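K.L.:
no sequence on this one, just coordinates:
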């Protein structure tokens, strides 16, 4: 294996398209206008010496090594800051230039160690050698060689003695990351790089590592480079954290990762990264990793390490026994958004083909399932419309329920760049997220709504646009379904949707909404980005449709700088959905009831697939408590920590007879497991991840599997033991099967991915190299469809007993349930979950900053530390869910999105009170009664209340129920429910369902 | 009864406030005008009494002289040993070509009526009647060049800004007068601030800018206060604001106070500073005329350049360019300082010789010891010896003589000066004030000072002189801006013109 080398052209590429011809050292060169002479020269193979320039940063012109001469001009300008011009004749070599370069290098060498701790990592000596000089003539000069190192950051050191004050770190922090944590202190010879007067760890630094990467010397160095040594080989792969999906070079020395270097040619990240992707990979080799399969008969028994064969047959026997006792549908599984497309595809195939049912769901259920539903209904496909680069072309950005600087940091940096270039930002969020006011960036509007009132706000925005003559009628007429638009326009123009009407519930001043609506509607290019603050609500799907309506009404679809863009939480949440992880859909979002689609898979797999949807995750828990569902295969997801209403989840897991967990570590869910199948980290995987821009990126193994097997191999072994033989040689073979069965992936293969770097689906004969932008000339569904979005307040309301609303989110340094990041040095930034509350709420309850508080909801209670802040408004409290001890999901309820059952994590009515006890005292409530029946009643009524329908809403309700519910749930709705507890539309829908045989 | 007592900080520093207080105490009915300084600093405090025959000058007056002056009936021009006669007939002043400084010391700096009475606003009114094209042609035609030091033709710079399309343009006045031995910007702002405001307004009209910013150094509190008052008055008088003098033109001015960095007088560092960033030099291109303040087209001119504009617009380009020599047209406001008998402002047409300036106007050294060296153009200017006294004081001749005009500061040294120490000082100054961006300036200046020190100590003198000259070449050709690029000028001129100071022998 060799090192992958990405050339550094010194300055960024020109944005111009007109060409300029010039001569450099007698060679004729043609480049785009505005290209620097330095870049033009390197394109012609002439490498001008440089230290301060790098092509990720704007030209700076400080090192003065790259000086050149231009015919007819006197001076010796720097080639990095001098653009080419037509007919210019440039010399990069002459006696004079040689004297200047040697003279400058002599100055550098006079204040630089004669030997650098990082060897060739420091470019100073290398460039000196190239220039032809090895020492300086200055005797006993004053130097900075006595300065002490700053080792405060867990991942990198700052050694000022090697620093050449080229500002690359400062500029990377400003231009690439946008944090402005670094600066130069003092002037002249005393000018030194400084993390703004304090140590790196105490500074504003977010540890993204852009500075480390930009540093041409050993001044900023990964600690692993010093402890492990220089890398000897590198492999291009993809980060396994958030949905941005950054490409990295994993630089290796033997079997050890020396460092992760973001790939400049990575389409998603273009050479940038965050603290998690670049540094927090140590969990992969953490001593907590389980590498041997384990089994036990009861969850009270200790684990027993066994061979793979024994574990697989134990699991298969258990599952087969359950099916023989309780029927084919009594088992199922959950795919992981953390695993590769190939691994996910194989798990859903195992469930559908080997288990013989459609009881497959995925963790996207609890995050972005409403995106799939909402965008599917309006645009025709379940995906964001743009690539990330698009945001650079936006004039107005609306950011709803997302906190990208914490959750999608690399995208946040792009967004900050756009805002600093002049784009306006509208933030819709109950919290004062950092982007509302950050160094160099601030929101022009912050619509600080109450949790749970998203739909009222989006309706109010649309109302203003519709009633103020701001609708882009040419776009709507040309691209959208006329009837649905007409109905929507009438609906949205009603006074009940006006900002004034909703002001009291949303708490957003009507004038602010009117102003923001006008700003967005009048923008040349307006884009919408959103996160889980949109989806994780009882009206999550309605809100997604409201966003789609707004984009269509303002004509913001189908070109750069516009669009509707979900910021996906996990590395492969897009991919796991694409791969047919939902119980009602086969790969490529095709409904299981469609006989043509089923035929493709029946033929390919040699089975007869069930035609009716299987259970969603919450249905599985309900069914488990009802005794109908007894075995589950959980691929890389800690449902016992991450899913809402922990008491309910734990009770359901306890009720099962065969819980199989496939994971890297023992986790909360494995406490209820009978089989533990050790998984592989992303550093061992061979496959692909698909990020939030539908970009399929290769994940390449950089080390051998620590378990001796790949994960898909284990899944195949289980399927085989269940009586359905499955096997694949490698990830490429699985992708070939995906391509053969799924039209949107028809053109994808590992060979093509290796050639192109990445591919954005759809990729097929009409888009052989993929599709960076969706819905350019027409929507996937043909005409864009407007959906009526009636605001239905959630039943989760602040009451006298629970007067505050809890909302949840993430921090930068930790990731989701923390299984990975808690096993890295990232804990230095965030070692526990904290409850944020407003001062007035704290005073009322006698709570001091930093004290323990008890947090209780109607489903449970827990204890955590309080932080008094004005980042949340009075009446709203906020926490994260990274640590199992804090048990944030003990508090959250079973309430969920009406269409998709995505949990309503973002709104829970709570009360807080001072606590004397430390944590560990979380209280679970006892679960009893017919939980399943209660869920069915709630879900059915919610559908009736929310379904966007004109005439005959009962038909829509019926259609929705048969599309997404299992036959058993429909049976119980019809047979077991007291109809007086159902809304009239549900009752009428049941009658239709009864009459319509095709559904059953 | 009206008496003029300068409120200029130079006069105040030698007791003008005390003189004014003493006079007011003697007779509270006297109308005391705190005018600017006439520029004859050796005569400060210069007290002028208005009489039917014109203004009669006394000086230098101290508070202790006041009683005697009253006894001598100075209010009616009575004789006293400090009597200088009619101000207009003082040879030192009368022989100058006061154009830019025509009103300084004459008028009440904050009286718009006084300003009008002395020709103020004629230029602006004229400019408002012209097309931008004609206006810029007039400035180009006058031959006016940048008085900050670079000498770039003002009309060409303005044309570039005028022809660059933008929704917003700026006029930035560089009043960060940091050169040692220079004080003309300060004296103009303190003595005739409306001239600067008028000049900036005309520039705004010419290029289509509506915003003017004066970058004024914090070391000039009197100037800041005077200019701010003048701006407020101009706004109240409907001169600055949305409708300049009742026309559709809009222009306003604000002041930004520097924070004590020399390099912020470099135009791009000044822009960074105004933008609220560290005062660090930008690489050019892009030129500030195309991408300047907040990346918008920006005229950056020195106080003297902009303050000359109203005179040109009032009297015509041909009147202005009738003065001067070659490509150096009009007048230059020289500032005589250092070890000099008669320091102050000497505004003369380009072409006066160095000798005339230093001897005829300056009267030789203050210490009365023989004059040995003159540094022209601030701390980065060259050291001249007396054999070069025939040098014509204009842009081209000074460059040909190995120097530069700079901002017109002329600092005199007597025979006690050690030019090696002065050369070292140049490097030390650069080390202290360098923005720290480019390597030749950031490290080179410290190495330069160290190397000169070795020469002074007699350590490997020839070797170190060679190293120093090599370093000078790297700094001259390799530096990003004039700070590092010009620091070798005093060093090399000292080595060439005063070689005996660099032979390593202790004096």
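P.N.:
Done, it's in. Values in this document were obtained by computation on a predicted structure and should not be read as measured data.
K.L.:
how about low-confidence regions in chain A?
P.N.:
Applying pLDDT under 70 to chain A flags residues A:1, A:919-923, A:994-1000.
K.L.:
what residues go with each domain of it?
P.N.:
A:19-131, A:156-285, A:294-367+A:573-731, A:370-566, A:804-924, A:931-999 (automatic domain parsing).
K.L.:
For chain B, which residues are neighbours of chain A?
P.N.:
Residues of chain B that fall close to chain A, judged by CB under 8 Å from any CB of the partner chain: B:261, B:263, B:278, B:280, B:283-285, B:430-447, B:450-451, B:454, B:459, B:467, B:470-471, B:473-474, B:477-480. In this view, the C-beta of every residue, glycine as well, is placed from N, C-alpha and C.
K.L.:
What ranges does the stretch 351-500 of chain B have for its strands?
P.N.:
Taking DSSP state E, counting those that start in this stretch, the strands of the stretch 351-500 of chain B run over residues B:371-376, B:382-385, B:409-414.
K.L.:
Run through the strands of the stretch 51-200 of chain A in chain order.
P.N.:
A:69-70, A:89-91, A:156-158, A:183-185, A:192-194.
K.L.:
Can you tell me which residue of chain B sits closest to chain A?
P.N.:
residue B:436 (2.7 Å; CB to the nearest CB).
K.L.:
show me the contacts for the nearest residue to that residue once chain neighbours are set aside.
P.N.:
Spatial nearest neighbour of residue B:436, excluding adjacent residues (CB to CB, 6 or more residues apart in numbering or on different chains): residue A:191 at 2.7 Å. Going by CB atoms under 8 Å, 6 or more residues apart in numbering or on different chains, residue A:191 touches A:165, A:184, A:185, B:434, B:435, B:436, B:437, B:442.
K.L.:
Centre-most residue in chain A?
P.N.:
residue A:243 (2.5 Å; CA atoms, centre = their mean).
K.L.:
Look up how far residue A:832 lies from residue A:867.
P.N.:
11 Å (CB to CB, to the nearest Å).
K.L.:
out of the two, which sits in the more crowded spot?
P.N.:
residue A:867 (17 against 14; other CB atoms under 10 Å in any protein chain shown).
K.L.:
from memory that one sits against residue A:834, does it?
P.N.:
Yes - Residue A:867 lies in contact with residue A:834 (CB atoms under 8 Å); the separation is 4.8 Å.
K.L.:
what's the burial count for the nearest residue to residue A:528 once chain neighbours are set aside?
P.N.:
Leaving aside its chain neighbours, residue A:528 sits nearest to residue A:398 (4.7 Å; criterion: CB to CB, 6+ apart). Neighbourhood size, residue A:398 [other CB under 10 Å]: 28.
K.L.:
Next, the contact list for residue A:398, please.
P.N.:
A:426, A:428, A:516, A:520, A:526, A:527, A:528, A:529.
K.L.:
Wait, a helix at it?
P.N.:
No - Residue A:398 sits outside any helix when classified using DSSP: H, G, I helix; E, B strand; the rest coil, being strand.
K.L.:
what are the bridge partners for it, then?
P.N.:
Beta bridges link residue A:398 to residue A:426, residue A:528 when assigned by DSSP bridges.
K.L.:
follow-up on the earlier one: quickly find the element holding the residue lying closest to the residue nearest to the centre of chain A once chain neighbours are set aside.
P.N.:
Sequence neighbours aside, residue A:568 is the residue nearest to residue A:243 in space, at 2.9 Å (criterion: CB to CB, 6+ apart). Residue A:568 belongs to no helix or strand when elements are defined using DSSP states H and E.
K.L.:
Distance check, residue A:568 against residue A:574.
P.N.:
The gap separating residue A:568 from residue A:574 is 5 Å, by CB to CB.
K.L.:
which residues does residue 467 contact?
P.N.:
I'll assume chain A. A:493, A:498.
K.L.:
Wait, chain B was what I had in mind.
P.N.:
Per CB under 8 Å, 6+ apart, neighbours of residue B:467: A:137, A:138, B:451.
K.L.:
got a winner among those residues for most neighbours?
P.N.:
Of those, residue B:451 is surrounded by the most neighbours, 29 neighbours in total, counting by other CB under 10 Å.
K.L.:
Make a ChimeraX selection of the buried ones in the contacts of residue A:398.
P.N.:
Applying 16 or more other CB atoms under 10 Å in any protein chain shown to the contacts of residue A:398 leaves a buried subset, and the ChimeraX line that selects it is:
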select /A:426,428,516,520,526,527,528,529
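K.L.:
can you put the contacts of residue B:467 in a markdown table and add distance to residue A:887?
P.N.:
What follows is the contacts of residue B:467, written out as a markdown table (distance: CB to CB, whole Å):
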| residue | distance to residue A:887 |
| --- | --- |
| A:137 | 68 |
| A:138 | 64 |
| B:451 | 69 |
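K.L.:
how about the helices in the stretch 301-450 of chain B?
P.N.:
Ranges of helices in the stretch 301-450 of chain B, per DSSP state H, counting those that start in this stretch, are B:303-315, B:317-321, B:354-355, B:395-400, B:419-433, B:439-442, B:444-456.
K.L.:
just checking, next helix/strand downstream of the longest strand seen in chain A?
P.N.:
Longest strand in chain A, counting residues (DSSP state E): strand A:860-868. As assigned by DSSP H and E, the chain's next helix or strand after strand A:860-868 is strand A:876-880.
K.L.:
I'd like to know which elements the next helix or strand after that following strand is packed against.
P.N.:
Using DSSP H and E, the helix or strand that follows strand A:876-880 in sequence is helix A:888-891. Secondary-structure packing of helix A:888-891 (3 or more CB pairs under 8 Å, 6 or more residues apart in numbering or on different chains; DSSP states H and E): helix A:646-654, strand A:860-868.
K.L.:
Select, out of these, the one closest to residue A:580.
P.N.:
helix A:646-654 (24.1 Å; CB to CB).
K.L.:
Name every strand pairing with the next helix or strand after that closest one and say which way it goes.
P.N.:
Sequence order places strand A:658-663 as the next helix or strand after helix A:646-654, per DSSP H and E. Paired strands of strand A:658-663, with direction, are strand A:631-635 (parallel), strand A:675-678 (parallel) (DSSP bridges).
K.L.:
Quick one: distance of stretch A:59-66 to the chain centre.
P.N.:
Taking CA atoms, centre = their mean, to the nearest Å, one finds the center of stretch A:59-66 at 37 Å from the center of the full chain.
K.L.:
what does stretch A:79-90 give?
P.N.:
That offset, for stretch A:79-90, works out to 42 Å (CA atoms, centre = their mean).
K.L.:
and residue A:302, that's in a strand?
P.N.:
No - checked against three-state DSSP, residue A:302 lies outside a strand; its state is coil.
K.L.:
Could you report the distance from it to residue A:659?
P.N.:
Counting by CB to CB - residue A:302 and residue A:659 are separated by 16 Å.
K.L.:
ok, now residue A:894?
P.N.:
Distance from residue A:894 to residue A:659, by CB to CB: 20 Å.
K.L.:
Then residue A:339?
P.N.:
18 Å.
K.L.:
circling back to that earlier point, need the domains of chain A in a markdown table with distance to residue B:308, can you?
P.N.:
Output for those, formatted as a markdown table (distance: least, CB to CB, whole Å):
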| stretch | distance to residue B:308 |
| --- | --- |
| domain A:19-131 | 28 |
| domain A:156-285 | 32 |
| domain A:294-367+A:573-731 | 58 |
| domain A:370-566 | 37 |
| domain A:804-924 | 54 |
| domain A:931-999 | 72 |
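K.L.:
returning to what we had before: any chance of a ChimeraX selection covering the buried ones in the residues of chain B next to chain A?
P.N.:
Per 16+ other CB under 10 Å, the buried members of these correspond to this ChimeraX selection:
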select /B:261,263,278,280,283,284,430,431,433,434,435,436,437,438,439,440,441,442,443,444,445,446,447,450,451,454,467,470,471,473,474,477,478,479,480
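K.L.:
Can you classify residue A:621 as helix, strand or coil?
P.N.:
On the basis of three-state DSSP, residue A:621 is classed as helix.
K.L.:
wait, it sits on residue A:649?
P.N.:
Yes - if you go by CB under 8 Å, residue A:621 and residue A:649 touch, sitting 6.0 Å apart.
K.L.:
Identify the residues contacting residue A:199.
P.N.:
Contact analysis of residue A:199 by CB under 8 Å, 6+ apart lists A:150, A:152.
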